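Asker: could you look at this predicted model? Sequence included:
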Amino acid sequence: MNVLFLTLAYPEGKGQRNIYTDLMQEFYENGDTVYVVCQRERRSGKPTEFKIENGIHVLRVRTGNVTKTNIIEKGISTILLEGQFIKAIRKFLNDVKFNLVLYSTPPITFERVVKYVKERDGCKSYLLLKDIFPQNAVDIGMIRENSLIWHYFRAKEKRLYEISDYIGCMSPANVQYVLKHNPEIDRSKVEECPNSIKPSPLRKDDVKRSEIRRKYGIPEDSVVFIYGGNLGRPQGIGFLLEVIDYMKDRTDVFFLIVGSGTEYEKIKQHLEIGCYRNAKLFKFLPKEEYDVLLNSCDVGLIFLDPRFTIPNFPSRLTAYMEAALPVAAATDVNTDLKDILREAGCGMWAENGDLKNFCAIIDTLASDSNLRYQMGLNGRKYLEKYYTVSRAYKIITSHLKKQELNK
């Protein structure tokens with residue numbers, strides 16, 4: 001079948017991968033013809049381009065800057081996306097009839113694009129709901145509830161849910177939230193379709209571990225706590241800096257931050273002023289290089305802003321599980337990430353802002369290598385059972401198979 005995937009998160013460059021590239025490869029390897037339409041932000045300086053990448057037809061549409069920019073540019077660029085995507089689809093994919101259109105949030109402004117493709121081709125639509133907007137922006141003070149902009153985006157969100165034949169949520173709490181706050185939605189079309197990857201073989205190598213630590217100036221005898229991924233306001237990075245401040249004199253633990261985003265400069269300045277000897281910050285690394293570094297660390301860190309009322313579920317969890325790293329998480333109380341960590345036996349949780357309890361978690365994991373090993377192994381097993389793209393593929397395509405049987 002012909003599959004169209006609309007997203008803002010399809011990395012460009014050799015060796016780059018994420019949850020979406022893995023999922024699209026799974027469709028491709030199952031014999032489907034896959035088309036991806038994604039943005040190519042203005043800062044890249046590159047034009048719209050249509051080419052085949054690893055067997056997948058990828059249309060990169062030149063747009064404004066949507067990520068890693070100020071809220072005004074982000075808002076304008078997000079609103080313009082629909083028209084830009086529809087225009088590109090008409091130009092490059094006019095002769096392709098799709099059987100399924102998949103799309104992820106953010107953004108919620110794909111509604112007109114999905115409607116256009118559905119009406120043109122009579123295909124089914126499946127929403128991969130990774131972001132509940134505009135409520136997440138309200139939670140952290142970026143948008144005021146009941147403002148004009150809130151009403152605009154809330155209406156877009158409602159229409160996106162309405163036009164979706166199926167809605168795949170990241171976790172049970174996300175399913176419950178969507179149904180509770182949108183009672184008009186048919187319950188039968190909302191299900192759990194978690195963040196998923198194609199797990200690579202475990203690559204634990206003591207020699208390579210020592211080499212990579214020397215390369216990046218990381219003490220070989222320290223327990224390394226790594227935070228990898230987006231460094232934005234939703235991540236509640238301020239608490240991470242509090243933790244680093246509290247533990248700045250510790251020589252047995254080392255904090256490694258790898259990523260990019262709106263809070264990068266804030267973190268950089270904080271670490272430079274404090275002259276920390278047990279913390280380092282690196283810009284976003286190529287996926288292959290990051291994976292090697294990740295496998296040389298001991299514990300994965302997850303942070304979320306404590307004000308969230310929506311149940312965010314960070315995709316970086318799958319990266320930590322893939323590397324068999326135990327997880328130390330400090331989040332809001334509404335995410336069910338804490339429940340998954342407990343169920344899987346792969347990590348420990350404290351509320352973001354609870355410095356005493358979170359530092360106790362750091363102490364526990366830093367002092368017990370057997371606990372770290374067992375939790376890491378538990379996480380890897382949980383990943384292989386529940387968070388694989390082969391499982392996600394079956395969840396998504398099961399609806400199409402039922403449709404064929406009912407004809």
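Answerer: Structure received.
Asker: look up how far residue 47 lies from residue 304.
Answerer: From residue 304 across to residue 47, the span is 37 Å (CB to CB, to the nearest Å). (C-beta placed from N, C-alpha, C; glycine too.)
Asker: neighbour count winner among these two?
Answerer: Neighbours were counted for residue 304 and for residue 47 using other CB atoms under 10 Å; residue 304 has more, 23 against 9.
Asker: residue 136 falls within a strand, correct?
Answerer: No - the assignment for residue 136 is helix, going by DSSP: H, G, I helix; E, B strand; the rest coil, so no strand is present there.
Asker: next, the buried residues of the longest helix seen in the chain.
Answerer: Longest helix in the chain by number of residues, with DSSP state H as the criterion: helix 71-92. For helix 71-92, burial by neighbour count (16 or more other CB atoms under 10 Å) applies to 74-75, 77-79, 81-82, 84-86, 88-89, 92.
Asker: pull the residues that contact that helix.
Answerer: Here helix 71-92 makes contact (CB atoms under 8 Å, 6 or more residues apart in numbering) with 6, 8, 37, 39, 41, 48, 50, 59, 61-67, 69, 106-107, 109-113, 116-117, 142, 149.
Asker: among those residues, which are located in strands?
Answerer: Members of those lying in strands (criterion: DSSP state E): 6, 37, 39, 41, 50, 59, 61-63.
Asker: which one of those sits closest to residue 122?
Answerer: residue 6 (17.4 Å; CB to CB).
Asker: just the buried ones from the ones in strands among the contacts of helix 71-92?
Answerer: 6, 37, 39, 41, 59, 61-63.
Asker: distance check, the residue most central in space within the chain against residue 170.
Answerer: When CA atoms, centre = their mean is applied to the chain, the residue found nearest the centroid is residue 315 (3.8 Å). Distance, residue 315 to residue 170, using CB to CB: 8 Å.
Asker: same thing with residue 281?
Answerer: In this view, residue 281 and residue 170 are 28 Å apart by CB to CB.
Asker: quick one, which of the two is more surrounded?
Answerer: Each of residue 281 and residue 170 has its neighbours counted (other CB under 10 Å); residue 170 has more, 26 against 18.
Asker: my guess is the more buried one contacts residue 317. True?
Answerer: No - taking contacts as CB atoms under 8 Å, residue 170 lies outside contact range of residue 317: 9.9 Å.
Asker: intersection of neighbour lists for the two?
Answerer: Joint contacts of residue 170 and residue 317 (CB under 8 Å, 6+ apart) are residue 195.
Asker: now the buried ones among the ones in strands among the contacts of helix 71-92 as a markdown table including distance to residue 399?
Answerer: Below are those laid out as a markdown table (distance: CB to CB, whole Å):
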| residue | distance to residue 399 |
| --- | --- |
| 6 | 18 |
| 37 | 22 |
| 39 | 27 |
| 41 | 33 |
| 59 | 25 |
| 61 | 28 |
| 62 | 33 |
| 63 | 30 |
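Asker: can you list those in TSV and add distance to residue 241 and pLDDT?
Answerer: Output for these, formatted as TSV (distance: CB to CB, whole Å; pLDDT from 0 to 100):
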residue	distance to residue 241	pLDDT
6	36	98
37	38	97
39	31	93
41	28	90
59	40	98
61	37	95
62	36	95
63	32	93
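Asker: and which of those is nearest to residue 400?
Answerer: The closest of these, once distances to residue 400 are taken by CB to CB, is residue 6, at 17.7 Å.
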